[in-house]
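A.B. asks: only geometry, no sequence info:
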């Protein structure tokens, strides 16, 4: 039976995921705690509009992949672990300037470090959680000798993973007359398919690029494009994952691993 298999949020944009059993949908329609913190252009200020427009991630520097992170949002503690085993811990309530200074030194890119209220630093602030099926991750991993399912999961960085459904199940929710689905008692509507960037082609631990990743990905995506998807809703085949939208009436509710998922 279709169900929520995993829920992941990314407390610091561009860095490691936190896997959670239950999470609240914010008033902005996003996963609580997702991309709550981010590196930004050090010259940008809130007076420039929104800091979200100046947020950095792996697109700016591949060295971000070298760092392992853990975040405790309750205690506002952020810990970095470098490849040589060094640990650096920061109190996010008082040390955000110090985080920016340390990251600037390590990455050799000048950054500031900020927190934002929901929708925080998500790429599409008017939309909601990203959704992918476990079967899709397995299928993508099978396209490359070097990929495992967990590696595909870390490269593609979805919030909600749905089990008990076929590969590319999530493609059906965009386009003309597309259905919606309910997870628990939260309604998800399709907003758009997720166009991918350079990040999925990199090793999530080292940042090393996988040769000809995009070319093979596009070829296999075109070859396996499901019959239930509306091709007119996809501008190209370098897309994977659903960007959803949660209606205002369902914001403030919770999502939990194990929730039944039903197409409506």
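C.D. replies: Looks like it came in fine. Here the structure is a predicted model, which is why all the values come from computation and not from measurement.
A.B. asks: contacts and neighbour counts: CA atoms only from here.
C.D. replies: Will do.
A.B. asks: wait, is residue 97 part of a strand?
C.D. replies: No: counting by DSSP: H, G, I helix; E, B strand; the rest coil, residue 97 is not found in a strand; it is helix.
A.B. asks: what's the neighbour count on it?
C.D. replies: Burial of residue 97 is recorded as 13 neighbouring residues (other CA atoms under 10 Å).
A.B. asks: gap between the closest residue to it other than its chain neighbours and residue 146?
C.D. replies: Excluding its sequence neighbours, the residue lying closest to residue 97 (CA to CA, 6 or more residues apart in numbering) is residue 113, at 6.4 Å. With distances taken as CA to CA, to the nearest Å, residue 113 is found 34 Å from residue 146.
A.B. asks: okay, the two: which has more neighbours?
C.D. replies: residue 113 (23 against 10).
A.B. asks: for this protein, give me the ranges with low pLDDT.
C.D. replies: 45-49 (pLDDT under 70).
A.B. asks: which residue is nearest the centroid of it?
C.D. replies: Residue closest to the mean C-alpha point of the chain, counted by CA atoms, centre = their mean, is residue 157 at 3.7 Å.
A.B. asks: report the beta-bridge partners for the residue nearest to residue 97.
C.D. replies: residue 39 (DSSP bridges).
A.B. asks: for residue 189, see how far away it is.
C.D. replies: For residue 113, the distance to residue 189 - CA to CA - is 32 Å.
A.B. asks: likewise residue 127?
C.D. replies: Distance from residue 127 to residue 189, by CA to CA: 10 Å.
A.B. asks: shared neighbours of the two, anything?
C.D. replies: 244-246 (CA atoms under 8 Å, 6 or more residues apart in numbering).
A.B. asks: ranges for the strands of the stretch 51-200 of the chain?
C.D. replies: For the stretch 51-200 of the chain, the strands defined by DSSP state E, counting those that start in this stretch occupy 55-56, 68-72, 77-81, 87-91, 112-115, 130-133, 160-163, 181-183, 186-195.
A.B. asks: before we move on, the earlier item: and the residue nearest to the centre of the chain, what does it touch?
C.D. replies: Per CA under 8 Å, 6+ apart, neighbours of residue 157: residue 17.
A.B. asks: now it: how far from residue 7?
C.D. replies: For residue 157, the distance to residue 7 - CA to CA - is 11 Å.
A.B. asks: okay but residue 139 is in contact with residue 167, surely?
C.D. replies: Yes: using CA atoms under 8 Å, residue 139 is in contact with residue 167, at 6.7 Å.
A.B. asks: please enumerate the shared neighbours of the two.
C.D. replies: With CA under 8 Å, 6+ apart as the test, residue 139 and residue 167 reach no residue in common.
A.B. asks: with distance to residue 41 added, can I get the strands of the stretch 51-200 of the chain in TSV?
C.D. replies: Shown next, in TSV, are those (distance: least, CA to CA, whole Å):
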stretch	distance to residue 41
strand 55-56	7
strand 68-72	21
strand 77-81	20
strand 87-91	20
strand 112-115	6
strand 130-133	25
strand 160-163	29
strand 181-183	37
strand 186-195	24
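A.B. asks: tell me the most buried of those?
C.D. replies: strand 130-133 (a mean of 26; mean count of other CA atoms under 10 Å).
A.B. asks: can you show me the helices along the stretch 101-250 of the chain?
C.D. replies: 134-142, 149-156, 213-223 (DSSP state H, counting those that start in this stretch).
A.B. asks: any chance of the ones you listed in TSV, plus mean neighbour count?
C.D. replies: As requested, the helices of the stretch 101-250 of the chain are exported to TSV (neighbours: other CA atoms under 10 Å):
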stretch	mean neighbour count
helix 134-142	20
helix 149-156	18
helix 213-223	15
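A.B. asks: wait, residue 205 touches residue 66, no?
C.D. replies: Yes: using CA under 8 Å, residue 205 is in contact with residue 66, at 5.5 Å.
A.B. asks: quick check: buried residues in stretch 119-132?
C.D. replies: 119-122, 127-132 (16 or more other CA atoms under 10 Å).
A.B. asks: quick one: which two of those are the most distant?
C.D. replies: Greatest spacing in the buried residues of stretch 119-132, by CA to CA: 120 and 132 (21.4 Å).
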